[in-house]
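> Just need the structure, nothing else, for what follows:
(2 chains)
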Amino acid sequence: MHYKQSFSSRLFDVANYGFMILLVIVMVYPLMNVIAISLSSPDHIDLGDVGWFPKGFNTVGYEVILEKPNLYISYKNTIVYATAGTLLTLLMTSLMAYPLTIANFRLKKFITVFLAVTMFFGGGMIPTYMLMRSLHLLDTFWVMVVPGCIGAFNVFIYRSFFQNIPAELRESALMDGANDFTILFRIYLPLSKALLATFALFSIVAFWNEWFNALLYLKDESKYPLQMFLRSLIIEDSGASSQDIQKMVIGREVNPKNIQMAAIIVTLAPILCMYPFVQKYFVKGALVGSIKG
Amino acid sequence: MARSLMSQKYLYMMVLPGFLLVLIFSYFPMYGILIAFKDYSVAKGVWDSPWVGFKYFTQFWDNPMAIRTVKNTVLLGVYSLLWGFPAPIILALLFNELRSMKFKKFVQTVSYFPHFISTVIVVGMIKEFTSVDGLVNHITEFFGMEPINFLSESPYFRTIFISSGIWQGIGWGTILYLAALSNVDPTLYDVASIDGANRWEKMKHISLPSILPTTIILFILAVGGILGNDFTKVMLMYNPATYETADVIGTYVYREGLQGGRLEYATAVGLMLSVVAFCLIFITNKIARKFSDSSLW
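Just a heads-up that it's a prediction; the model follows:
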């Protein structure tokens, strides 16, 4: 574009860049502030003058949080739920989507409608809770990974992705005596690595951030995922619950906010670390999801 | 026919587990909705419990505390749409005007990140910033106002909920618009400049029309979802002091049904919400169909 820039156009550019810098500050500051508070001295936190950087360096918040056995239990639970849940959802969704790509599959229409209905209608919170109760799924590992593993929308996205694979591949494999399971696992899935990787990422993040199903279906704290641990710490203010910690708070060694903000950072760290490397897959995934199945 | 059944047996085997899961976890709860019209007893089960007609529905409409949740749900949804829907469109148009691709990429990457932060953490941050000695009070004090604990004052609830929602979603929300903008043939802009169009005119006549179909589809979805506020975020943010403006149908169903044990009543309330929400998306789509080629089905 080699045309002369008008004054107003330049002014717009300056304003636009200024706005973008402001936007970056607004997006980054809360996170920086959380980090700063987690590492500041209790007195500065009480004064409320901690901004971008820690004041009066102090790591007691992290020491306290890293000594809580519940942190490790819930961390482990989240990792287990995320791994099992993600593998299960990839498997189930693929199994469901593959037959829908086969032109003469006799249940194609029925299954499509059967799934599509669930995109518009559902039982709602209470009937679903009652179902879990009558299936004796409350307070089990299963309730966290099985019920949500298959979603109509995802099946349709997988289906349209599978439809890009030439049907001749399947036909010649059938000719060679392969059955559909072999075709799905040896041909279709290896060709769909990008799709599976993207959905795996989304699923892992969803499990990492999930807390509401746990609130509904779990009473047993030893099964709580990470976000439930965090919730009791920062939303319900249970940070200074034990006597040892209360002593430390009174002795000005630590501020409850040190502990809470440290807990946020410990929870967020894995996402923060992997985000720069995988964000382009997330963007791709968001676009795949928008193409209607 | 028997042969075709045999030849497709693997396909049936593949579909079976998913079919059962959807049947159990999506369809069975729909059957469970029946208890909204019954006096449910665990011993008798859903079917044999006695019918009571619309008893629980009338109970809802006779209770001013309950009606408040309708008002709150609608207002929170309408305001969220009003403020939250245009925000990513404007941001996407501004992104599109950036000349440095590197800088654009950087700002985009940063602005997407809040989308991946869990609601629990976001509310934890909100709590910190709106506390009496938090950031927001430092700013208002600068203007000579008294410090307030914002999260326990009901007039501020919607503002906090919606503005933090924009912080979470504005960047991520640009993705679909940016995809539409990247499909515009760049020579179109060049030709327009040769014809003497300025940037504002190019934005108005090239960029805006190119994102219009996306905007319509997303608007349909947004209107359909207007009653489906993220009540889990409300649940983390509210407290009895802010019920006045914060208590929405979702949180009310949770409190009455699961904490209060009024399963039939809560199911009835939830059912009314889903029916209205479904009608909304249906009607908006009808309208969109009439005025454009873009619609959901």
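> From now on I want contacts and neighbour counts done on CA atoms only, so please keep to that.
Fine.
> Next up, the contacts around residue 202.
Because you didn't say which chain, this covers chain A. Residues in contact with A:Phe202 (Cα atoms under 8 Å, 6 or more residues apart in numbering or on different chains) are A:Phe282.
> that's the other chain; I wanted chain B
Shown in contact with B:Lys202 (Cα under 8 Å, 6+ apart): B:189, B:192.
> mind checking which helix or strand it is in?
In this assignment (DSSP states H and E), B:Lys202 forms part of helix B:199-202.
> Buried residues, that helix. List them.
For helix B:199-202, burial by neighbour count (16 or more other Cα atoms under 10 Å in any protein chain shown) applies to B:199, B:202.
> What is the neighbour count of B:Asn149?
B:Asn149 has 16 neighbours, counted by other Cα atoms under 10 Å in any protein chain shown.
> got the contact list for it?
Applying Cα under 8 Å, 6+ apart to B:Asn149 gives the contacts B:130-132.
> again with A:Val283
Neighbouring residues of A:Val283 by Cα under 8 Å, 6+ apart: B:Ile175.
> rerun at 10 Å
A:Val283 makes contacts with A:198, A:289, B:109, B:112, B:172, B:175-176, as judged by Cα atoms under 10 Å, 6 or more residues apart in numbering or on different chains.
> among these, which are in helices?
Members of these lying in helices (criterion: DSSP state H): A:198, A:289, B:109, B:112, B:172, B:175-176.
> pLDDT check: weakest of the residues you listed?
Lowest pLDDT within these is found at A:Gly289 (63).
> burial measure for residue 50, as a count.
All of this refers to chain A. The number of residues packed near A:Val50 is 21, by other Cα under 10 Å.
> I was thinking of chain B, sorry if that wasn't clear
Other residues lying near B:Pro50 total 15 when counted by other Cα under 10 Å.
> List phi and psi for it.
Dihedral angles phi and psi of B:Pro50 (degrees, to the nearest 10) take the values phi -70, psi 140.
> still on that earlier bit, next helix or strand past the helix holding B:Lys202?
From helix B:199-202, the next helix or strand downstream (DSSP H and E) is helix B:208-224.
> residues contacting the closest residue to A:Val145 other than its chain neighbours?
Nearest residue to A:Val145 in three dimensions, chain neighbours excluded: A:Gly85, at 4.7 Å (Cα to Cα, 6 or more residues apart in numbering or on different chains). Residues near A:Gly85 by Cα under 10 Å, 6+ apart: A:79, A:91, A:142, A:144-149, A:200, A:203-204, A:207.
> Same question for B:Thr73.
Contact partners of B:Thr73, counting by Cα under 10 Å, 6+ apart, are B:67, B:226-229, B:231, B:245-251, B:273.
> and the residues you listed as JSON lines, adding neighbour count and secondary structure?
Shown next, in JSON lines, are these (neighbours: other Cα atoms under 10 Å in any protein chain shown; DSSP: H, G, I helix; E, B strand; the rest coil):
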{"residue": "B:Ile67", "neighbour count": "15", "secondary structure": "helix"}
{"residue": "B:Ile226", "neighbour count": "22", "secondary structure": "coil"}
{"residue": "B:Leu227", "neighbour count": "26", "secondary structure": "coil"}
{"residue": "B:Gly228", "neighbour count": "19", "secondary structure": "coil"}
{"residue": "B:Asn229", "neighbour count": "18", "secondary structure": "coil"}
{"residue": "B:Phe231", "neighbour count": "19", "secondary structure": "helix"}
{"residue": "B:Thr245", "neighbour count": "21", "secondary structure": "helix"}
{"residue": "B:Ala246", "neighbour count": "27", "secondary structure": "helix"}
{"residue": "B:Asp247", "neighbour count": "24", "secondary structure": "coil"}
{"residue": "B:Val248", "neighbour count": "29", "secondary structure": "coil"}
{"residue": "B:Ile249", "neighbour count": "27", "secondary structure": "helix"}
{"residue": "B:Gly250", "neighbour count": "24", "secondary structure": "helix"}
{"residue": "B:Thr251", "neighbour count": "22", "secondary structure": "helix"}
{"residue": "B:Leu273", "neighbour count": "18", "secondary structure": "helix"}
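> List just the nearest of those to chain A.
When the contacts of B:Thr73 are ranked by distance to chain A (Cα to the nearest Cα), B:Gly250 comes first, at 8.8 Å.
> so who does the closest one touch?
Residues in contact with B:Gly250 (Cα under 10 Å, 6+ apart) are A:124-125, B:69, B:73, B:227-232, B:234-235, B:266, B:269-270, B:273.
> count of residues packed around the residue in the stretch 1-150 of chain A that chain B sits nearest to?
Minimum separation of the stretch 1-150 of chain A from chain B (Cα to the nearest Cα) falls at A:Gly123, amounting to 4.1 Å. When neighbours are counted by other Cα under 10 Å, A:Gly123 registers 24.
> filter the contacts of B:Asn149 to the buried ones?
B:130-132.
> restrict the residues you listed to those near chain A?
When these are checked against chain A using Cα under 10 Å from any Cα of the partner chain, the ones in range are B:Val132.
> Using CSV, lay out the buried ones among the contacts of B:Asn149 together with distance to B:Trp83 and pLDDT.
Output for the buried ones among the contacts of B:Asn149, formatted as CSV (distance: Cα to Cα, whole Å; pLDDT from 0 to 100):
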residue, distance to B:Trp83, pLDDT
B:Thr130, 20, 87
B:Ser131, 24, 83
B:Val132, 26, 81
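> where's the closest residue in space to A:Ala173 that isn't next to it in sequence, which helix or strand?
Leaving out its chain neighbours, the residue that sits closest to A:Ala173 by Cα to Cα, 6+ apart is A:Ile183, at 7.0 Å. Element membership of A:Ile183, judged by DSSP H and E, is helix A:180-183.
> elements contacting that helix?
Other elements packing on helix A:180-183 under the criterion 3 or more Cα pairs under 10 Å, 6 or more residues apart in numbering or on different chains; DSSP states H and E are helix A:69-100, helix A:167-175, helix B:9-22.
> After it, which helix or strand is next?
Elements were assigned by DSSP H and E; along the chain past helix A:180-183, the next helix or strand is helix A:189-191.
> helices and strands around that next one, which ones?
Using 3+ Cα pairs under 10 Å, 6+ apart, helix A:189-191 sits against helix A:69-100, helix A:152-162, helix A:193-209.
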